[in-house]
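Trainee: Task: produce atomic coordinates for the following.
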Amino acid sequence: SDDGSSFNTVTVSATGTVYGVSDGIELGGNDHEVFNYGTVTGVNDRGIQMIGDNGEVVNPGTHMTRAMYASPNIHTEQRLSRSDTNTGGFMRAPNEMQTFFGLESAMDELALKLGMDPVELRRVNDTQTHPVAEVPFSSRSLMECYDAASASFGWAGRNPEVGSMTDGDWLVGYGCATATYPTNVSPSAARVRMQGTGHAFIELAAHDVGTGSYTIFAQIAAARLGLPVSACDVVMGEAHLPLAPISGGSTTAASAGSAVHLACLNVAAQVAREVSQMSDSPFSGVDPERITLVDGVLRGPEGQSQPLLEALSSTPRGEATAEGEYRHPALTDEALRLTYQGGYGVAGPVTPEKAMFAFGAEFAEVHIHRWTHEIRVPRLHGAFAAGTWLNRKTAHSQLMGGMVWGIGSALHEVTEVDLPRARFLNANIAEYLVPVNADVREVRVEMLEEQDDYVNPLGVKGIGELGIVGTAAAIGNAIHHATGKRLRKIPMRMSDLV
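Mentor: Numbering: from 1, shown residues only. Presented below is the predicted three-dimensional model:
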């Protein structure tokens, strides 16, 4: 510093290991009592991923480390290690989950060394600007998520001393971790046909894998066209329909939903052109470019208004069909071409103008039996901010499902291999462990309101994979709080605590 004061740096190292992936994190934190206490002074993230001989499926996650916390010194690298194994596949949040197990474990360790509340350490290092790209986040409500989840969870009642909380023979631990997921937006198209009978058909080559796409596309069209949801039929799953992205990367709602939105606006524009030429229309002689659609009602520049369905019914054909094509302004021609060739082309998460991410905060309570070392997770609380919630019920289910799956990644799921024989030992649902009802107790999800006008016309961020990202780290941090043992490999088992 200019006055000659020295700055002391506390350094921690943490390794998060998932089968086939090792992510090593080093963090340096300032412990000077006057100058920016708790600020992260350096981040070093080296990821090594095992890949098979017969193909490469690479799930790099270190780019997420670069987006997370403010620091003047950030270094990340991703390495591949070829091995005599089968080619890996995708799991939910394949890039982000294992990276954040390492990163958020390191943040918890740093907080402990600095004597800081883990929530406050994250607050000190929160940023509204991408630390490496140096562009502002389109929206970032991370600390609002922490404040909401910590209040719901009762974090203020936590005794920070390791091993200090008990319930009979059970050691009790509290832990927290950040969740984030990049907002990737694909090009997409949709066709909407509206009939004067009060029905609409929405067609696009997307597919619903159980996430609620049929429901939200019908809701988007119904809201724009002024129709009941039950009158909107969604047709998907056929390659001859207008292009839509794959159900991967949490892109469907934001991308295909925006195309449905634009198709509805184009239907309204078509109707506006027709009624502006009709002598008996309230819009007769009005420039159709000045007629807008607001909640299913056509509105003119001088206060004219008419429900879209009524206006459509008055036209000679009584029907209108239009397509909508959505392309984020930051999408490159190369990404557009890749998508139309069957690939995965996206804009984001970092564009020349903004960085686009959804955020969340997760809190876990664990109970560990003093004698048997049995691990239980009686409570998980999460708060999330992801732009506009198209359907709070389906979104709630997505986030809760991610957190439940996070229990599995933390405590149960692993591929067991017989190394001498190179055979999988648990390639069945009986022996590949997943959480069951007895493992899942209280899971509470809170969804915060957030406005983001940059990500897409709907203001939507993908949430399909957001809920799982911070769960394993929150559980691991809670295990450390209860026992003093820092587990660096998942799943975390009873045997790891012996």
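
Trainee: per-residue confidence for the residue nearest to Ala395 when sequence neighbours are not counted?
Mentor: The shortest distance from Ala395 to any non-neighbouring residue, by C-beta to C-beta, 6 or more residues apart in numbering, is to Trp389 (5.1 Å). The C-beta positions use only the backbone N, C-alpha and C, and glycine is treated the same way. Looking at Trp389, its pLDDT stands at 97.

Trainee: element containing Trp389?
Mentor: For Trp389, there is no helix or strand it lies in under DSSP states H and E.

Trainee: And for Thr76?
Mentor: Using DSSP H and E, Thr76 falls within strand 74-82.

Trainee: In its sheet, which strands sit next to that strand, and in what direction?
Mentor: Within its sheet, strand 74-82 is paired with strand 40-51 (parallel), according to DSSP bridges.

Trainee: before we move on, back to that, export the strand holding Thr76 as PDB, just CAs?
Mentor: The C-alpha coordinates for strand 74-82 follow below in PDB (Å, rounded to 0.1, in the frame of the first residue of the first chain):
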ATOM      1  CA  ILE A  74      -7.400 -15.200 -11.400                       C
ATOM      2  CA  HIS A  75      -5.800 -18.100 -13.200                       C
ATOM      3  CA  THR A  76      -7.700 -21.100 -14.500                       C
ATOM      4  CA  GLU A  77      -6.700 -24.000 -16.700                       C
ATOM      5  CA  GLN A  78      -8.400 -27.200 -18.000                       C
ATOM      6  CA  ARG A  79      -6.400 -30.300 -18.700                       C
ATOM      7  CA  LEU A  80      -7.400 -33.600 -20.200                       C
ATOM      8  CA  SER A  81      -6.100 -37.000 -19.100                       C
ATOM      9  CA  ARG A  82      -6.600 -39.800 -21.600                       C
END
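
Trainee: What are the buried residues along it?
Mentor: Neighbour counts using 16 or more other C-beta atoms under 10 Å place Ile74, Thr76, Gln78 of strand 74-82 among the buried residues.

Trainee: How about Thr321: what's its closest non-neighbour residue?
Mentor: Nearest in space to Thr321, with sequence neighbours left out and distances taken as C-beta to C-beta, 6+ apart, is Arg193 at 4.3 Å.

Trainee: Thr315 now?
Mentor: Glu274 (4.7 Å).

Trainee: which ones are touching that neighbour?
Mentor: Residues in contact with Glu274 (C-beta atoms under 8 Å, 6 or more residues apart in numbering) are Thr315, Pro316, Ala320.

Trainee: Can you check what pLDDT the model gives it?
Mentor: 97.

Trainee: looking at this, it is in a strand?
Mentor: No. Assigned with DSSP: H, G, I helix; E, B strand; the rest coil, Glu274 falls outside any strand and is helix.

Trainee: Please state the backbone phi and psi of Met278?
Mentor: Torsion angles at Met278 (phi, psi; degrees, to the nearest 10) stand at phi -100, psi 130.

Trainee: thought Phe100 was touching Val469?
Mentor: Yes. Phe100 is in contact with Val469 according to C-beta atoms under 8 Å; the separation is 5.2 Å.

Trainee: Overlap in contacts, these two.
Mentor: Thr178, Ala179, Thr180.

Trainee: who wins for neighbours among the residues you listed?
Mentor: Highest neighbour count within the shared contacts of Phe100 and Val469: Ala179, with 32 neighbours (other C-beta atoms under 10 Å).

Trainee: Now Ser284: phi and psi?
Mentor: Main-chain dihedrals, Ser284, degrees, to the nearest 10: phi -60, psi 130.

Trainee: contacting residues for it?
Mentor: Ser284 is in contact with Val275, Ser276, Gln277, Met278, counting by C-beta under 8 Å, 6+ apart.
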